[in-house]
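K.L.:
the following block contains a protein sequence and its predicted model.
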Amino acid sequence: MTDAEAGDAESAPSEVDRAGDVWVFIEEHAGDVMSVSWELLTEGRRLADDLGDDLVALVIGEDVGDVADEAIARGADRVLVADDPVFEPYRADPYGTQFRALVEERIPSIVLIGGTHTGRDFAGRVAVPAHAGLTADVTELDVDEDGQLLARRPAFGGDVLATIVCPEHRPQMATVRAGVFETADPEPEREGDVEAVAVVVEEADALTEVRERDVSDTADITDADRIVAVGGGTEGELGPARALAEALDAELAASRKAVDEGWVDGARQVGQTGKTVRPELYVALGVSGAVQHVEGMNDSEVVVAVNDDPNAPIFEHADYGIVGDLFEVAPRLTTALEGEADPEEVLQ
Amino acid sequence: MSGAATDRDPAAGDAEDGWTIVAAVKQVPDSDEVGIDPDTGRLDRANAPAVLNAPDRDALEAALSIRDAVGGTVTAITMGPPTATDVLEEAVAMGCDDAALVTDRAFAGSDTWPTSYALAETVDHLDADVVVCGEETTDSSTGQVPPGIAAHNGWAQLTYVEGVDPLPEEGRLAARRDVEGGHERVAADLPVVVAVAYGEFEPRPAGLHRKLYAENDFEPMELTADDLGIDADDVGMDASPTQVGGMETVEPVDREKETVETPAELLDALADEGVIAR
């Protein structure tokens, strides 16, 4: 604390001084926890240890006792549980109101939320009324010598990494992109406290009603060792890409273009506003290689690009490139992988 | 400025008069033209032309389609300097009935907190039933302002919306939302803030007459902090919780950039790398 700050000691301590714990929101839908939540518990553990603070997991949902226990095994010192049918399925207003009440009552120092659609949906509903600082789409986290959170996020399509700080408001909140942090293995023998908090939301106050919900594609591309990614060049014809993915035992992923066109579900989007992946092998089929996409796959070990445009930027970010029609190249790769002679090479 | 649920306005979404729809848009530097100053390593935004944030075109289309279905008006709003009038003219050319420029020196340097506060006061001032925004802006990509507007006013919100279905007889708006791994259909009480998923609405072209009107005869209303009852201390840089602490350029990852001719050659290379068995 500087002298100038110490001079204010007679007034009530500021929220910055009163703030303590590191919180991680555990995103759960019908019992399934999003993997980014566990990634954030691992990263949050590191930050809490650096700061000498407690790591607190926040679980909101219905019948979420098992999730609370797992949060302790995965690094939480304490778990706050808001368990009520009003929270299932997820809605922004009940979640936001509950989360906000806890934040305002306990003033955590740091709050980390997975940058999923759900996390990005309600984070603002907490940060705004609490007048907290909220940084979006964070890919690196650190604390400085004063214990201030340094939240780094790509800006302008990933050419630049901006460090965002929040000097005078607490909590320091961030939505963090899925896949950028590793998940530590759970330690079942870890001990911690589970606290059932008062539920401050009633169904009668809800502003929204979920009438249908269809969540069928639960693939998690952030864990995949191999990925075949499709882009606009596939023109929505995904057969060859799917066959290649199967031959490689790879997950299918997509550029934003392929997701926006409705060819692939958004859960499989790589890059800004999507996920970060770090597979051993990343095969980009008909992906142009916009910086927003590259940002999400740049940590891949080996990158292969197939594109009929020799000037496509993706070749600048690939280890191996084939300039050619993916509708010819992908089936030949599949055939070769399946151990059969490539018909075109036999002819040569 | 409260996050608690507000009492519902009995006149909200009155089916007879149609709905008061507001589309919030932003002028941004053309992202294709933003370069990095080779001397300073800093972004050179000054030389990039200012354009309508592309996702906002989808928001305008969604707003106009709601008006097509239930009647009423669409007012485009933007917060920015007087030069941001250009994007409002574009909105009027597309079919918006009116437009408002939210402008004040006090707003300069606002992060998403004061921005959403000022816009929340604006849409409240305009008695909005529905506020439609783009998914995010191309210059800051936070997507935080639409939930921020809703939170400031204690209104419902629907984000990542791929389709809208007004229910005037219920005084509600239903929407198809893109959620992780699937979709859901949610009905929200009015007033509601909607953020539409980018690429899901086909923006209508501007009509020629409408375009001429927008460019030659139309003047947007102007709203200052004072008009909106906003204290200058509650907006701008000093009221912004977050600050940019630094910028660094990202070093490109070193790649082999090797061109291979045949699939067989590629598979050999991958086998040598040890990422596939051969």
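P.N.:
Ah, there it is.

K.L.:
every contact and neighbour count from this point should use C-alpha atoms.
P.N.:
Fine.

K.L.:
go ahead and confirm residue A:73 touches residue A:194.
P.N.:
No - counting by Cα atoms under 8 Å, residue A:73 does not reach residue A:194; the two are 11.9 Å apart.

K.L.:
could you list the low-pLDDT ranges of chain B?
P.N.:
B:1-16, B:32, B:34-46, B:278 (pLDDT under 70).

K.L.:
in it, which strand is the longest?
P.N.:
strand B:156-167 (DSSP state E).

K.L.:
direction included, what does that one pair against?
P.N.:
Partner strands for strand B:156-167, per DSSP bridges, with pairing direction: strand B:172-179 (antiparallel), strand B:192-196 (parallel).

K.L.:
centre of the chain versus that strand, how much separation?
P.N.:
Distance, stretch centre to chain centre, for strand B:156-167: 14 Å (Cα atoms, centre = their mean, to the nearest Å).

K.L.:
likewise stretch A:277-289?
P.N.:
How far stretch A:277-289 lies from its chain's middle: 18 Å, per Cα atoms, centre = their mean.

K.L.:
residues in contact with it?
P.N.:
Applying Cα atoms under 8 Å, 6 or more residues apart in numbering or on different chains, the contact partners of stretch A:277-289 are A:179-180, A:221-234, A:241, A:255, A:270, A:296-308, A:312-315, A:317, A:326, B:275.

K.L.:
in helices, which of those appear?
P.N.:
If you go by DSSP state H, the contacts of stretch A:277-289 have A:241, A:326 in helices.

K.L.:
related to what we said a few turns ago, hey, which of the strands paired with strand B:156-167 is tucked in deepest?
P.N.:
Compared across these, strand B:192-196 shows the largest average neighbour count, a mean of 30 (mean count of other Cα atoms under 10 Å in any protein chain shown).

K.L.:
right, and the helix or strand after it?
P.N.:
Next helix or strand after strand B:192-196 toward the C-terminus (DSSP states H and E): helix B:208-216.

K.L.:
give me the packing partners of that following helix, helices and strands only.
P.N.:
When contacts are defined as 3 or more Cα pairs under 8 Å, 6 or more residues apart in numbering or on different chains; DSSP states H and E, helix B:208-216 sits against helix B:85-94.

K.L.:
name the helices or strands packed onto the helix it packs on?
P.N.:
Short answer (3+ Cα pairs under 8 Å, 6+ apart): helix B:85-94 packs on strand B:72-79, strand B:98-102, helix B:208-216.

K.L.:
can I get the second one as CSV, trimmed to CA atoms?
P.N.:
What that stands for is strand B:98-102. Provided in CSV are the C-alpha atoms of strand B:98-102 (Å, rounded to 0.1, in the frame of the first residue of the first chain):
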residue,chain,number,x,y,z
ASP,B,98,-36.0,7.1,-37.1
ALA,B,99,-32.6,7.3,-35.5
ALA,B,100,-30.8,8.9,-32.5
LEU,B,101,-27.2,9.9,-32.0
VAL,B,102,-26.2,9.5,-28.4
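
K.L.:
off-centre distance for it?
P.N.:
Centroid displacement of strand B:98-102 relative to its chain, using Cα atoms, centre = their mean, is 15 Å.

K.L.:
so stretch B:111-121, near chain A or not?
P.N.:
Yes - counting by Cα under 8 Å from any Cα of the partner chain, chain A is contacted by stretch B:111-121 at residue B:113.

K.L.:
distance from that stretch to the middle of the chain?
P.N.:
13 Å.

K.L.:
mind putting the strands paired with strand B:156-167 in CSV, distance to residue B:221 included?
P.N.:
CSV is the format used below for the strands paired with strand B:156-167 (distance: least, Cα to Cα, whole Å):
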stretch, distance to residue B:221
strand B:172-179, 28
strand B:192-196, 22
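
K.L.:
comparing the helices and strands packed on helix B:85-94, which comes out most buried?
P.N.:
Stretch with highest mean neighbour count among the helices and strands packed on helix B:85-94: strand B:72-79 (a mean of 25; mean count of other Cα under 10 Å).

K.L.:
and that one, which strands flank it?
P.N.:
Taking DSSP bridges as the criterion, strand B:72-79 forms sheet pairs with strand B:19-25 (parallel), strand B:98-102 (parallel).

K.L.:
what distance do you get for the nearest residue to residue B:156 once chain neighbours are set aside to residue B:229?
P.N.:
Leaving aside its sequence neighbours, residue B:156 sits nearest to residue B:192 (Cα to Cα, 6 or more residues apart in numbering or on different chains; 4.7 Å). As defined by Cα to Cα, to the nearest Å, residue B:192 lies at a distance of 22 Å from residue B:229.

K.L.:
same thing with residue B:90?
P.N.:
Residue B:90 is 28 Å from residue B:229, where distance means Cα to Cα.

K.L.:
what's near enough to touch residue A:202?
P.N.:
Per Cα under 8 Å, 6+ apart, neighbours of residue A:202: A:86, A:94.

K.L.:
same question for residue A:128.
P.N.:
B:113, B:148, B:151, B:152.

K.L.:
tell me, how many residues neighbour residue B:251?
P.N.:
Residues lying near residue B:251 (other Cα atoms under 10 Å in any protein chain shown) number 9.

K.L.:
actually, residue B:82.
P.N.:
Number of residues near residue B:82 (other Cα under 10 Å) recorded here: 12.

K.L.:
hang on, it packs against residue B:101?
P.N.:
Yes - assessed by Cα under 8 Å, residue B:82 is found in contact with residue B:101 at 7.4 Å.

K.L.:
tell me the confidence at the nearest residue to residue B:241 once chain neighbours are set aside?
P.N.:
What sits nearest to residue B:241 in space, not counting adjacent residues and going by Cα to Cα, 6+ apart, is residue A:133, at 4.6 Å. Per-residue confidence at residue A:133 stands at 95 (pLDDT).
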